[in-house]
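Novice: sequence? don't have it. structure:
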């Protein structure tokens, strides 16, 4: 079953390749959506795809890349829309 989640990651998550790592992992898992930095220091992302792979992506976000220090991950389930053709890095 395909699902969609909206995720907010806080901690030391900017300037540590979190966005590019997220894109690499999402591509590996065959997910679509996007990721971007927020002005308040968090990273925001939307993931769509097979529920097990979305779950794996959220688990990856709880740790992030090597230099990240994730403090919290907020996951908001949303209605699957299937609106993306790939995974995008946004600014």
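Specialist: In hand now; what should we look at? All of these numbers come straight from a predicted model, not from anything done at the bench.
Novice: Mind listing what's buried along stretch 26-35?
Specialist: 26, 29, 31-35 (16 or more other CB atoms under 10 Å). Every C-beta, even on glycine, is put in place using the N, C-alpha and C of the backbone.
Novice: try stretch 76-89
Specialist: 84, 87.
Novice: related to what we said a few turns ago, mind checking which of the buried residues of stretch 26-35 land in helices?
Specialist: Using DSSP state H, 26, 29 are the members of the buried residues of stretch 26-35 that sit in helices.
Novice: Correct me if wrong: residue 4 contacts residue 84.
Specialist: No. With contact taken as CB atoms under 8 Å, residue 4 and residue 84 are classed as non-touching, separated by 9.5 Å.
Novice: what touches both of the two?
Specialist: 33, 48 (CB atoms under 8 Å, 6 or more residues apart in numbering).
Novice: And residue 50, how far from residue 82?
Specialist: 12 Å (CB to CB, to the nearest Å).
Novice: pLDDT on stretch 74-90, on average?
Specialist: In this model, stretch 74-90 has a mean pLDDT of 97.
Novice: Need the residues that contact it.
Specialist: Residues contacting stretch 74-90 (CB under 8 Å, 6+ apart): 2-10, 19-20, 23, 26-27, 31-36, 46, 48, 58.
Novice: please redo it, this time with the cut-off set to 6 Å
Specialist: Contact partners of stretch 74-90, identified using CB atoms under 6 Å, 6 or more residues apart in numbering, comprise 2-8, 19, 23, 26-27, 32-34, 36, 58.
Novice: ok, now stretch 44-62?
Specialist: Contacts of stretch 44-62 (CB under 6 Å, 6+ apart): 1, 3-9, 25, 29-36, 38, 70, 73, 75.
Novice: again with stretch 1-15
Specialist: With contacts defined as CB under 6 Å, 6+ apart, stretch 1-15 is touched by 37, 41-48, 51, 54, 61, 68-78, 80.
Novice: Which members of those occur in strands, if any?
Specialist: Using DSSP state E, 37, 43-48, 69-78 are the members of the contacts of stretch 1-15 that sit in strands.
Novice: Buried only: go through those for me.
Specialist: For the ones in strands among the contacts of stretch 1-15, buried by 16+ other CB under 10 Å: 37, 43-48, 70, 73.
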